[in-house]
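Participant: Coordinates only, no sequence provided:
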């Protein structure tokens, strides 16, 4: 068993979690364990996948991979493999299962990439394939630190929401990694089944929690401008991108309250995503300029749009 660090937690695992940072701590917060086939598996084994999520336990089944159970308020992940090797199992642990652990621990877990600009975190959201990681990596290439990729764990209970630091990797398509200057030495194969590669960002990775200042939602539309949206619209976007509703599973009242609290405190904007590699640098430059101009730490104030004065009734 080896200990690893991510999201401010120490994770003990029987196999390598190569995306996470090694930890010298003897204490652990999350235990990854092998277990026998759970009783509920027999009823769903013919399905391609299956989720059952409640506050106390998350059950996941993926045909050809295995079953995963997250329980104990995000302290235990039990795996029953069904043909998958450990290098594939770890991708599920580092991704969905850690997202479920963080959700059970009370964090607002967004499907987003997060970059630190002017000492503040900006989260980049959007549907699968919108280019969240690519935009974050492009901002990294412009000199900014990565806070998190894929899962963004946000503590939203305080006056200022903060994003937990994840781990020093970003997942990119090989052609985008090459275009952004990631050398062969900085890239790793995630698994033979995966098209994307893992890119090391050790030189500009933020190892601490960062206050969240803005949300950018990537869209495929004609207009290139960055548009502010109302808190009510922001709640809708957050629900689309937060665990567990992002997996198509109903959330609960507490999740809705967290989304509402986040929407009240953090301004959100929609922006046209890039259509090809040639337009990616311009998009990153636009987001960088917008984030810097509206940064409270840069000595300016975020401009209030009339829509931002709408109340959020949650």
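Facilitator: Okay, I see it. Fair warning: this is a prediction, and the values are worked out from it, not measured in the lab.
Participant: what's the spacing between residue 61 and residue 250?
Facilitator: According to C-beta to C-beta, to the nearest Å, residue 61 and residue 250 sit 18 Å apart. C-beta coordinates here come from the backbone N, C-alpha and C atoms, glycine included.
Participant: ok, now residue 268?
Facilitator: On the measure of C-beta to C-beta, residue 268 and residue 250 end up 23 Å apart.
Participant: Name the residue in those two with the higher neighbour count.
Facilitator: Shown here are residue 268 and residue 250; by other C-beta atoms under 10 Å, residue 268 has more neighbours (23 against 8).
Participant: isn't that one right up against residue 218?
Facilitator: No - using C-beta atoms under 8 Å, residue 268 makes no contact with residue 218, being 11.9 Å away.
Participant: how about stretch 151-161: buried residues?
Facilitator: Neighbour-count burial for stretch 151-161, with 16 or more other C-beta atoms under 10 Å as criterion, is recorded at 151, 152, 153, 154, 155, 156, 161.
Participant: Name all residues that make contact with the third one.
Facilitator: The neighbourhood of residue 153, defined by C-beta atoms under 8 Å, 6 or more residues apart in numbering, consists of 7, 102, 107, 108, 109, 163, 164, 166.
Participant: try residue 172
Facilitator: So residue 172 contacts 133, 134, 137, 180, 182, 196, 197, 199 (C-beta under 8 Å, 6+ apart).
Participant: neighbours around the fourth one, how many?
Facilitator: Residue 180 is flanked by 20 other residues according to other C-beta under 10 Å.
Participant: got the contact list for the nearest residue to it once chain neighbours are set aside?
Facilitator: Excluding the flanking residues, the one nearest residue 180 by C-beta to C-beta, 6 or more residues apart in numbering is residue 141, at 4.7 Å. Residue 141 sits next to 180, 181, 284 when contact means C-beta under 8 Å, 6+ apart.
Participant: From those, which land in helices?
Facilitator: Members of the contacts of residue 141 lying in helices (criterion: DSSP state H): residue 284.
Participant: pLDDT (mean, whole number) over the strand or helix carrying residue 133?
Facilitator: Per DSSP states H and E, residue 133 falls inside helix 132-141. For helix 132-141, mean pLDDT is 96.
Participant: Only the buried residues of it, if you could.
Facilitator: Residues 132, 133, 134, 135, 136, 137, 138, 139, 140, 141 are the ones in helix 132-141 that count as buried (16+ other C-beta under 10 Å).
Participant: Could you export the residues you listed to CSV, including columns for distance to residue 84?
Facilitator: CSV is the format used below for those (distance: C-beta to C-beta, whole Å):
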residue, distance to residue 84
132, 26
133, 23
134, 27
135, 31
136, 28
137, 28
138, 33
139, 34
140, 31
141, 34
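Participant: which among those residues gets closest to residue 187?
Facilitator: Proximity of the buried residues of helix 132-141 to residue 187 (C-beta to C-beta) peaks at residue 137, which lies at 11.7 Å.
Participant: Pull the contacting residues for that closest one.
Facilitator: By C-beta under 8 Å, 6+ apart, the residues touching residue 137 are 146, 170, 172, 176, 177, 180, 182, 199.
Participant: all helices of the stretch 151-300 of the chain, in order?
Facilitator: Applying DSSP state H, counting those that start in this stretch to the stretch 151-300 of the chain gives helices spanning 174-179, 231-241, 253-265, 280-293.
Participant: so which of those helices gets nearest residue 47?
Facilitator: For residue 47, the closest of those is helix 231-241, at 24.0 Å, according to C-beta to C-beta.
Participant: isn't residue 117 right up against residue 293?
Facilitator: No - with contact defined as C-beta under 8 Å, residue 117 does not reach residue 293; the gap is 10.7 Å.
Participant: The two: which is more packed in?
Facilitator: Per other C-beta under 10 Å, whichever of residue 117 and residue 293 has more neighbours is residue 117, with 24 against 12.
Participant: what pairs with the more buried one across the strands?
Facilitator: Residue 117 forms beta bridges with residue 120, as assigned by DSSP bridges.
Participant: For it, report the pLDDT, please.
Facilitator: Value for residue 117, per-residue pLDDT: 96.
Participant: do the same with residue 145
Facilitator: The predicted structure lists residue 145 with a pLDDT of 97.
Participant: Okay then, goodbye and thanks.
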